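Q: Mind looking at a prediction? Sequence and model below.
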Amino acid sequence: MSNLSPEIVIVGGGVGGGTLATVLARNGIGVVVLERETTYPDRVRGEFVAPWGVAEFKRLGLLDLLYERGGIHTKRNIPYDENLSPEQAEQRAFDLTKMHPDAPGPLCIGHPSMCNAFAESALSAGAVFLKGAKDIDCVRGNSPLVSFSHEGKKIELKPRLLIGADGRNSVVRRQLGFRTEADEPHNLLGGLLVANVPDWPREMQAIGTEDRLHYLIFPQGKDLVRLYACYGFPDRGRFTGPNKTERVLQAFRLNCLPLADAILAGTPIGPFYSYSNEDHWIDDPTASGVVLIGDAAGHNDPVTGQGVSITARDVRLVSQILLSKHSWAQDDFVPYVEERRERMRRLRIVGRLAAKVRVEFGPDARDRRARVAQRFAAGQLSPSLATLVGPEKLPPEAYLPETIAKLIA
């Protein structure tokens with residue numbers, strides 16, 4: 001590399017790193033992106049963009065890239081659930097097109113497609129994008145240092161600012177000693193990509209619970225659907241072993257789901273991985289010469305599907321600071337830190353509520369789920385809409401303990 005002192009080095013070339021690199025390079029800032037993968041694998045997550053996240057990509061001027069890669073909007077959510085007949089669930093269909101004025105609904109797109117889109121846009125904008133970077137080592141400070149191996153060569157970079165965008169297992173976060181807080185693990189969530197499901201309506205998503213399974217179904221382009229299964233630790237052996245993808249598929253033989261046969265006739269085309277479902281967060285994702293964004297800065301319980309939207313807002317806030325400030329000192333990022341801290345606090349409350357209502361099983365949990373659904377439909381205050389409209393759009397009292405207690409009592 002001819003330039004050993006780029007203005008910014010971004011570790012991680014996924015959605016966050018590629019998006020931020022695109023925005024910065026388009027505005028004339030020298031960026032080097034280090035991505036450990038040579039091709040983007042199916043991460044079994046990060047494929048749902050909430051309406052408030054769609055609006056963030058629109059503000060960044062990047063939404064059309066997602067459409068070009070096959071992104072589609074879902075327009076209604078059907079709560080097929082063991083508490084309702086299919087006809088009752090369809091009567092309670094939720095109109096997703098009215099959640100945000102800048103989004104005609106959530107957007108669904110494959111995670112590798114999204115990563116490729118932003119990697120290519122960053123390259124086109126002038127960023128240096130190095131895939132296959134290994135042995136990354138970071139030193140923070142007023143003059144941060146990043147060393148790594150690429151194509152058999154050892155390289156050292158001295159940027160003005162280091163940005164960690166390398167996901168929930170962030171090397172930057174671990175090496176630089178950021179303190180991570182976490183809720184107790186409470187259940188598992190896994191996903192499976194299935195092809196040959198043409199009968200699933202492209203504009204419809206479905207979320208519900210039956211027996212000991214909480215499920216989520218999101219369509220993608222062509223005849224693809226992404227299935228998510230959320231289940232308790234006592235059932236961890238249910239989806240293990242050499243034929244686990246077939247057992248995941250068969251788990252969607254649900255009495256509450258009218259289109260179960262269409263799904264069961266599909267063909268699994270990706271891996272099935274499951275992860276423990278809980279919030280992880282960092283109180284301050286900045287240090288001298290370093291800023292963390294996206295999952296590297298802490299991630300929300302994925303049962304509510306907020307990860308990509310959180311990352312898009314992180315990119316917008318951090319890029320605005322970088323484009324408006326000259327020093328890029330740690331204090332310059334205080335507005336980002338404060339907004340993110342409150343945003344993630346609110347989303348933690350929503351995630352904990354979702355886990356309690358949707359991913360606990362048995363007669364008592366079933367009755368509680370029915371009560372909450374009825375109260376929500378009747379207009380009782382709930383923080384749940386934050387996952388669609390954005391956490392800042394609801395009044396502070398929506399997140400109070402007494403509001404939650406009244407909702408589930």
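A: Yes, it's here. Residues are numbered from 1 along each chain as shown.

Q: On the three-state scheme, residue 148 is what?
A: Following DSSP: H, G, I helix; E, B strand; the rest coil, the label given to residue 148 is strand.

Q: Now for it: which residues touch it?
A: 34, 133-137, 154-155 (C-beta atoms under 8 Å, 6 or more residues apart in numbering). No exception for glycine: its C-beta is placed from N, CA and C like everyone else's.

Q: For the buried ones among these, write the corresponding ChimeraX selection.
A: Applying 16 or more other C-beta atoms under 10 Å to the contacts of residue 148, the buried members can be selected in ChimeraX as follows:
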select :34,133,136,155
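
Q: Any chance of TSV for the contacts of residue 148, columns secondary structure and pLDDT?
A: As requested, these are exported to TSV (DSSP: H, G, I helix; E, B strand; the rest coil; pLDDT from 0 to 100):
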residue	secondary structure	pLDDT
34	strand	98
133	coil	97
134	strand	97
135	strand	97
136	strand	97
137	strand	97
154	strand	96
155	strand	96
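
Q: any idea which of the contacts of residue 148 is the one closest to residue 392?
A: residue 34 (32.3 Å; C-beta to C-beta).

Q: distance of residue 275 from residue 211?
A: 22 Å (C-beta to C-beta, to the nearest Å).

Q: do residue 401 as well
A: Distance of residue 401 to residue 211, given as C-beta to C-beta: 30 Å.

Q: more crowded one of those two?
A: Set residue 401 next to residue 211 and count neighbours by other C-beta atoms under 10 Å: residue 211 wins out with 14 against 8.

Q: Just the pLDDT for the more buried one.
A: For residue 211, the pLDDT comes out at 97.

Q: Do I have it right that it meets residue 231?
A: No. Judged on C-beta atoms under 8 Å, residue 211 makes no contact with residue 231 at a distance of 10.0 Å.

Q: Look up how far residue 386 lies from residue 303.
A: From residue 303 across to residue 386, the span is 14 Å (C-beta to C-beta).

Q: among the helices and strands of the chain, which has the poorest mean pLDDT?
A: strand 273-276 (a mean of 92; mean pLDDT, DSSP states H and E).

Q: and it, which strands flank it?
A: Strands that pair with strand 273-276, judged by DSSP bridges, come out as strand 188-195 (antiparallel).

Q: what comes into contact with the strand it pairs with?
A: Contacting residues not belonging to strand 188-195 are listed as 42, 44-45, 110, 220, 222-233, 235-236, 239, 245, 248-249, 263, 266-277, 302-303 [C-beta under 8 Å, 6+ apart].

Q: Quick one: mean pLDDT for it?
A: Across strand 188-195, the average pLDDT comes to 96.

Q: Could you list the buried residues of that strand?
A: Across strand 188-195, burial judged by 16+ other C-beta under 10 Å covers 188-194.

Q: can you check stretch 160-169 too?
A: Neighbour-count burial for stretch 160-169 [16+ other C-beta under 10 Å]: 160-168.

Q: can you check stretch 318-325 too?
A: Neighbour counts over stretch 318-325 (16+ other C-beta under 10 Å) mark 318-319, 321-322 as buried.

Q: Show the low-confidence segments of the stretch 51-200 of the chain, by residue range.
A: Regions of the stretch 51-200 of the chain meeting the criterion pLDDT under 70 are absent.

Q: How is residue 214 assigned, secondary-structure-wise?
A: Following three-state DSSP, the label given to residue 214 is strand.

Q: Look up how far residue 104 lies from it.
A: Going from residue 214 to residue 104 by C-beta to C-beta gives 27 Å.

Q: And the two? Which one has more around it.
A: Of the pair residue 214 and residue 104, residue 214 is the one with more neighbours under other C-beta under 10 Å, namely 27 against 16.

Q: can I assume the more buried one is in contact with residue 359?
A: Yes. Using C-beta under 8 Å, residue 214 is in contact with residue 359, at 4.7 Å.

Q: Can you check which residues contact both of the two?
A: 230-231, 303.

Q: Can you add secondary structure and pLDDT and give those back as a markdown table?
A: A markdown table is the format used below for the shared contacts of residue 214 and residue 359 (three-state DSSP; pLDDT from 0 to 100):
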| residue | secondary structure | pLDDT |
| --- | --- | --- |
| 230 | strand | 97 |
| 231 | strand | 97 |
| 303 | helix | 95 |
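
Q: With neighbour count added, can I get these in TSV?
A: Putting the shared contacts of residue 214 and residue 359 into TSV (neighbours: other C-beta atoms under 10 Å) gives the following:
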residue	neighbour count
230	23
231	23
303	23
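
Q: Domain-wise, how is the protein divided?
A: The chain breaks down by automatic domain parsing into domains covering 8-64+109-183+279-345, 75-101+187-276, 351-408.

Q: State the mean pLDDT of the last one.
A: Mean per-residue pLDDT for domain 351-408: 97.

Q: chain center to that domain: distance?
A: In terms of C-alpha atoms, centre = their mean, to the nearest Å, the centre of domain 351-408 is found 20 Å from the chain centre.

Q: cool, and the second one?
A: A distance of 17 Å separates the C-alpha centroid of domain 75-101+187-276 from that of its chain, computed with C-alpha atoms, centre = their mean.

Q: now do the longest one
A: Using C-alpha atoms, centre = their mean, the mean C-alpha position of domain 8-64+109-183+279-345 is found 13 Å from that of the whole chain.

Q: If you count neighbours, what's buried in the helix or strand containing residue 9?
A: Secondary structure assignment for residue 9, by DSSP states H and E: strand 8-11. By 16+ other C-beta under 10 Å, the buried positions in strand 8-11 come out as 8-11.

Q: For those, work out which two are farthest apart.
A: Spanning the widest gap among the buried residues of strand 8-11 are 8 and 11, at 10.6 Å by C-beta to C-beta.

Q: what's the overlap in contacts for these two?
A: Common contacts of residue 8 and residue 11, defined by C-beta under 8 Å, 6+ apart, comprise 162-163.

Q: ok, now which ones touch the nearest residue to residue 228 once chain neighbours are set aside?
A: Ranked by C-beta to C-beta, 6 or more residues apart in numbering and with sequence neighbours excluded, the top spatial neighbour of residue 228 is residue 216, at 4.1 Å. Counting by C-beta under 8 Å, 6+ apart, residue 216 touches 205-207, 227-228, 230, 303, 305.
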